[in-house]
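> Below are the sequence and a predicted model; questions follow.
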Amino acid sequence: MFMGVSTPHPRSHRSAGAVPLVGLVVAVLVLAGCGNSNVASSTSTTPTTHTSSTSSSTTTTTAAPRYTHPHVFVIVMENLGYSAAMATPADAALASRYASTTDYYATSHPSLPNYISLLAGSTLGISSDCVSCFVNAPNLPTELSAAGVSWAAYMEGIPGPCYLSPYAPSGLYAGKHDPFVYFDNIRSNPALCNQIQPLPGLSPLLSGPASGVPDFVWITPNICHDGHNCSPEAAGQWLTGMVAQITASAAWRSGGALYVTWDEGNGGDYSGLSGSSVSSSGGGGHVLTLVIEPGLAPGTHITSLLDHYSLLKTIEQNFHVGLLGASASPGLATLP
């Protein structure tokens with residue numbers, strides 16, 4: 001079926017003056033079409049990177065996204081093994097609504113080595129929740145900055161940007177859950193350090209355009225909402241609200257990814273990955289990790305063997321930066 005084409009009626013007679021008149025009408029129509037600014041403006045709104053035009057055809061190439069996930073969010077919760085998380089109604093509901101891992105392992109015990117490993121690909125020799133064991137080492141935030149990838153770390157309960165004391169007067173912020181301040185090249189650089197922000201500053205960004213949200217967003221709840229000092233049920237309620245806020249944002253809806261993990265499992269669980277298998281010792285235990293992306297089917301189970309280094313590798317590969325420490329292991333699986 002052809003549309004927009006008019007077929008002329010056949011005529012049995014044509015006068016000698018008909019040809020110029022037809023030519024005149026065609027010329028007028030062509031000139032009128034060339035001067036139609038509305039047509040030009042209606043086609044200029046389509047984003048393109050290249051358009052080539054000839055007398056017979058026009059080829060348009062749509063711009064490819066710079067990253068698989070233009071925006072990546074990470075939330076780190078506290079001290080809950082896989083079985084306990086799946087027995088918590090709010091956490092189990094999120095796992096059913098989105099995708100989740102079945103064999104994901106933390107790095108170590110206690111908390112801080114896990115947080116450090118998520119940014120450095122190594123615990124960097126840290127084996128406690130020390131408050132002044134600062135390190136001079138490569139890390140994800142400085143790699144992102146060098147690559148022109150915007151980032152921010154939002155800490156619930158922190159008194160202000162670039163707060164460097166180990167605890168806040170309110171008692172709700174703990175530096176051991178803020179790995180960014182442990183790296184010398186972040187804490188000594190005011191521009192980078194000021195990208196560590198109080199969590200309330202994120203909400204206005206999430207309610208606005210995707211372009212206003214940093215490419216990489218880290219979120220640490222306060223020590224009640226992360227489950228450290230309060231019940232898993234209370235932490236689960238907070239997490240449900242935070243997930244709803246992020247998934248309602250334009251940044252997430254436009255191909256974003258949200259990863260929620262727990263820093264470590266139960267205190268008696270030292271399982272972890274050793275090569276391509278699970279070891280009963282040397283790790284931080286079996287934990288739940290939620291993978292929340294627009295394109296994943298609800299209830300998807302990700303069965304690959306994964307750990308905190310897998311999450312780091314996933315982020316590094318998404319933003320095209322170097323692989324740090326253990327995240328560079330060739331056989332290490334990644335998240336979607």
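Structure's in. What do you need? Numbering: from 1, shown residues only.
> where do the strands sit along the stretch 151-300 of the chain?
Along the stretch 151-300 of the chain, counting by DSSP state E, counting those that start in this stretch, strands occupy 151-155, 196-198, 216-220, 257-262, 272-274, 277-279, 286-287, 289-292.
> got the angle for the first one vs strand 216-220?
Here strand 151-155 points in a direction 10 degrees away from that of strand 216-220 (axes from the mean of the first three to the mean of the last three Cα atoms, to 10 degrees).
> Report the buried residues of strand 151-155.
Neighbour counts over strand 151-155 (16 or more other Cβ atoms under 10 Å) mark 151-155 as buried. (Each C-beta comes from the backbone N, C-alpha and C, glycine too.)
> Show me what it pairs with in its sheet, parallel or antiparallel.
Strand 151-155 pairs in its sheet with strand 196-198 (parallel), strand 216-220 (parallel), by DSSP bridges.
> Just say which of those strands is most tucked in.
Burial of the strands paired with strand 151-155 is given as mean neighbour count (mean count of other Cβ atoms under 10 Å); strand 216-220 ranks first at a mean of 24.
> Quick one: work out the angle between that one and strand 257-262.
Using the same axes, to 10 degrees: strand 216-220 against strand 257-262 is 30 degrees.
> List the buried residues for stretch 124-144?
Those would be 124, 126, 129, 135, 137-144, for stretch 124-144 by 16+ other Cβ under 10 Å.
> next one: stretch 301-308
302, 305-308.
> On the three-state scheme, the closest residue to Ile219 other than its chain neighbours is what?
Of all residues not flanking Ile219 in the chain, Ile75 sits nearest, at 4.6 Å (Cβ to Cβ, 6 or more residues apart in numbering). Here Ile75 is strand, with the state taken from DSSP: H, G, I helix; E, B strand; the rest coil.
> distance of Ile75 from Ile223?
14 Å (Cβ to Cβ, to the nearest Å).
> likewise Val181?
16 Å.
> Give the next helix or strand downstream of whichever strand or helix holds Ser83.
For Ser83, the enclosing helix or strand under DSSP states H and E is helix 82-86. Beyond helix 82-86 on the C-terminal side, the first helix or strand identified by DSSP H and E is helix 89-97.
> May I have the strands that pair with the helix or strand just after that following helix, each with its orientation?
Per DSSP H and E, the first helix or strand lying C-terminal to helix 89-97 is strand 99-101. When pairs are called by DSSP bridges, strand 99-101 turns out to pair with strand 289-292 (antiparallel), strand 301-302 (parallel).
> residues in contact with the shortest one?
Think strand 301-302. Under the contact criterion Cβ atoms under 8 Å, 6 or more residues apart in numbering, strand 301-302 has outside partners 99-102, 291, 335-336.
> And the average pLDDT for that strand is what?
Mean pLDDT, computed over strand 301-302, is 98.
> Give me the packing partners of the very next helix or strand once past it, helices and strands only.
As assigned by DSSP H and E, the chain's next helix or strand after strand 301-302 is strand 306-307. Under the contact criterion of 3 or more Cβ pairs under 8 Å, 6 or more residues apart in numbering; DSSP states H and E, strand 306-307 touches strand 104-105, strand 272-274.
> Out of those strands, which is the most enclosed?
strand 104-105 (a mean of 28).
> what's in contact with the next helix or strand after it?
With elements assigned by DSSP H and E, the helix or strand that comes after strand 104-105 is helix 111-120. The contact list for helix 111-120 (Cβ under 8 Å, 6+ apart) reads 74, 76, 78-79, 106-108, 122-124, 126-130, 135, 137-141, 176-180, 182-183, 228, 263-264, 284, 308-309, 311-312, 324-326.
> Now for Gly299, how many residues are close by?
When neighbours are defined as other Cβ atoms under 10 Å, Gly299 has 11 of them.
> Excluding chain neighbours, what is closest to it?
Nearest non-adjacent residue to Gly299, counting by Cβ to Cβ, 6+ apart: Ser96, 5.4 Å away.
> State the distance from that neighbour to Ala84.
For Ser96, the distance to Ala84 (Cβ to Cβ) stands at 17 Å.
> In terms of neighbours, single out the busier of those two.
More crowded of Ser96 and Ala84, by other Cβ under 10 Å: Ala84, with 17 against 12.
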